[in-house]
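# got a predicted structure here, sequence first:
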Amino acid sequence: MTTILIFPFLSISTGHHHVADSLQAELILKSHRCEKIDIFSHAYRRLEKVSSAAYLKWIQYFPKIYSSVYHLLACGSHETKKRYIMYELIFLKNMQQIIEEKKPDIVFCTHALPSYLLNKLKAQYPGMKVVNVYTDFFVNQIWGREHIDYHFAPIKDIKEQLIAEGVAEEKIFLTGIPVHRSYKTAEKSVRDEQNKPLYNMVITGGSMGVGGIFKLVRALSPGGDVVYQILCGKNRKLYRYVKSLNNPLIKALPYIENKAEMNRLYAQASGIITKPGGVTISECIEKQLPAFIYHALPGQEEMNLSMLKKRNLIIELKHQKEQPIEEQLLAFLRSKEGLSRYQTNVNQYLQEKSDLDISEILDRMIHNRLDLGNAHV
C-alpha cells in the first residue's frame, strides 16, 4: 500500500492546512491512506504554540516590520545554493527521523519550509516522490526546486516563473490552488431577487483575530440593498461585537466547520468581501463569485494582491473616506460591463489550468501512470 504524507506548517488554521485537508479528502475518497504532519508540532509542541501566538501578534501589531523581514528573507530570485542554516539546525534532523519512521512513497508539501527540508534530503531517498503544492499566488524563494518531483502551480505566471528558475516544464501542473471538493458541488441559490435586500455579501477574514475586519464592519452603513453576513470564525470578540450592533442587515455567523454548509452559504452570496488569501480567492473563483478586497496582511497576502490585481481577478475596495463601501459594491454588482469583464478574467484563468482534474492527477501519480506530456494545457 502506498504511504502518503502531507506537510503543512504550524497549527494555525491557515491556507496551508486547508489545502492539506483538501488533498487528504481527495486521497481518502480514492481509498488511499495518508497522514498530515506539522513538523513543528511534531518536534516542539510547546514551542510551536508559543511561536504561533507570537506570529499572530507580530503581524497584528507590527505589520510593517513583518513585511520588511518577509521581503528580506523570502522574496527575490531563487538561488540554488542559498541555505537557511537556522531551519536546518532546528528541523532537518526531525524531518529525517519522520521519513525514516514513516517511509513515505509520496510527500506533499503545502508550506515552503517542509519543501526546503525535503529538497535537502531527497538524494538520500530516491524512491520517494516530493510534490510542492503552492497555496498562494506567489512562490517565495524558500520553496525547494531542484529535487522536487512535481509542482502544483496556482497560476500560469507562477508556472512561467518556475520554468525560468530551471524547473522542467513537464514537472509542473497548472492545478490552481486546490479547494475542497465540497465547493465543486453546485448548490442552487435560494436568493429571492424580487425582494430586498437584493444582494447578499459574505465577509470573511477574521478567524484569527488579525487584519482590518473590525474597521471594515464599523464602516458598513447598510442602506437596505445589501445584507452582510460576517464569518467570525473562532474570533469571539468579533462575534460579540457584530451581535451587539443589533442590525438586521449585519449578521454574525459563528465558526462553520462543515464544508457543505459553507458551500450553501456561497450559493446564496452575490460576492465575498475578504483578504487576498490564496485559498479564499480560489474558492471564490471556483464558485465564480466576485472577491472584494478590504485589507491584506503583510507578507504572502501583499504578494497575492499584487498578482491578483495584475490578472484582474479581484476588486480592491477604496477607503471608506473616498467612497462608501456599499456604494462601491452596488456600482460593481449593478454594472453589466464590470461583471462581464470579471467573468471573462475568471474564465481565462480557469481555461489555463491542466486538462486533468486534480483527483485524476493524484490517482495517476500514485499508480505511476502519470503521462506528463498529455496533462498540460
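Looks like it came in fine. Just so you know, these numbers come straight off a predicted model, no measurement behind them. Residues are numbered from 1 along each chain as shown.
# just the C-alpha atoms of stretch 349-361, please, in CSV.
Extracted in CSV, the C-alpha atoms of stretch 349-361 (Å, rounded to 0.1, in the frame of the first residue of the first chain):
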residue,chain,number,x,y,z
TYR,A,349,-7.8,31.8,-15.6
LEU,A,350,-9.9,28.5,-15.4
GLN,A,351,-9.0,27.7,-19.0
GLU,A,352,-5.3,27.9,-18.3
LYS,A,353,-5.5,25.1,-15.7
SER,A,354,-4.5,21.5,-16.6
ASP,A,355,-6.9,19.3,-18.6
LEU,A,356,-6.8,16.7,-15.9
ASP,A,357,-8.7,17.2,-12.6
ILE,A,358,-6.5,17.2,-9.6
SER,A,359,-8.0,14.0,-8.3
GLU,A,360,-7.0,12.3,-11.6
ILE,A,361,-3.5,13.7,-11.3
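# how is the chain divided into domains?
4-176+353-370, 182-351 (automatic domain parsing).
# need the contact list for the nearest residue to H111 once chain neighbours are set aside.
What sits nearest to H111 in space, not counting adjacent residues and going by CB to CB, 6 or more residues apart in numbering, is F9, at 3.7 Å. From N, CA and C alone the C-beta is placed, and that goes for glycine too. Neighbouring residues of F9 by CB atoms under 8 Å, 6 or more residues apart in numbering: 16, 38-40, 110-114.
# now tabulate the domains of the chain in CSV and tack on mean pLDDT.
Output for the domains of the chain, formatted as CSV (pLDDT from 0 to 100):
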stretch, mean pLDDT
domain 4-176+353-370, 86
domain 182-351, 89
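# show me what contacts Y349?
Applying CB under 8 Å, 6+ apart, the residues near Y349 are 155, 176, 285, 311, 313.
# in ChimeraX, how would I select the buried members of the residues you listed?
Here is the ChimeraX selection string for the buried members of these, based on 16 or more other CB atoms under 10 Å:
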select :155,176,285,313
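# and the contacts of Y349, which two are furthest apart?
Greatest spatial distance among the contacts of Y349 (CB to CB): G176 and R311, at 12.4 Å.
# ok so, going back, closest to V227 among the contacts of Y349?
Taking CB to CB as the measure, V227 lies nearest I285 of the contacts of Y349, at 23.2 Å.
# returning to that earlier point: next one: the residue nearest to H111 from R33, what distance?
22 Å (CB to CB, to the nearest Å).
# V69 too?
Taking CB to CB as the measure, V69 falls 39 Å from R33.
# so where does I281 fall, helix or strand?
Using DSSP states H and E, I281 sits within helix 278-287.
# just checking, what packs against that helix?
Packing partners of helix 278-287 (3 or more CB pairs under 8 Å, 6 or more residues apart in numbering; DSSP states H and E): helix 15-29, helix 259-268, strand 271-274, strand 291-293, helix 300-310, helix 336-352.
# can you rerun that using 6 Å?
Counting contacts by 3 or more CB pairs under 6 Å, 6 or more residues apart in numbering; DSSP states H and E, helix 278-287 is packed against helix 15-29.
# what comes into contact with the helix it packs on?
6, 8-9, 34, 36, 108, 110-111, 133, 135, 178-181, 277-279, 359, 362 (CB atoms under 6 Å, 6 or more residues apart in numbering).
# could you report the neighbour count for the closest residue to I315 other than its chain neighbours?
Leaving aside its sequence neighbours, I315 sits nearest to F292 (CB to CB, 6+ apart; 4.9 Å). F292 has 21 neighbouring residues, counting by other CB atoms under 10 Å.
# for Y125, same thing?
Applying other CB under 10 Å, we find 17 residues neighbouring Y125.
# give me the element the closest residue to it other than its chain neighbours is part of.
In this structure, Y125 finds its nearest non-sequential neighbour in I99, 6.2 Å apart by CB to CB, 6+ apart. Taking DSSP H and E as the criterion, I99 maps to helix 93-102.
# tell me which strands and helices that helix is in contact with?
Counting by 3+ CB pairs under 6 Å, 6+ apart, helix 93-102 packs on helix 39-43.
# might you calculate how far the helix it packs on sits from the centre of the chain?
22 Å (CA atoms, centre = their mean, to the nearest Å).
# extract the CA atoms of that helix and return them as CSV.
The C-alpha atoms that make up helix 39-43 are tabulated as CSV, following Å, rounded to 0.1, in the frame of the first residue of the first chain:
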residue,chain,number,x,y,z
ILE,A,39,6.9,19.1,11.7
PHE,A,40,7.0,22.0,14.3
SER,A,41,4.3,20.5,16.5
HIS,A,42,5.8,17.0,16.0
ALA,A,43,9.2,18.1,17.2
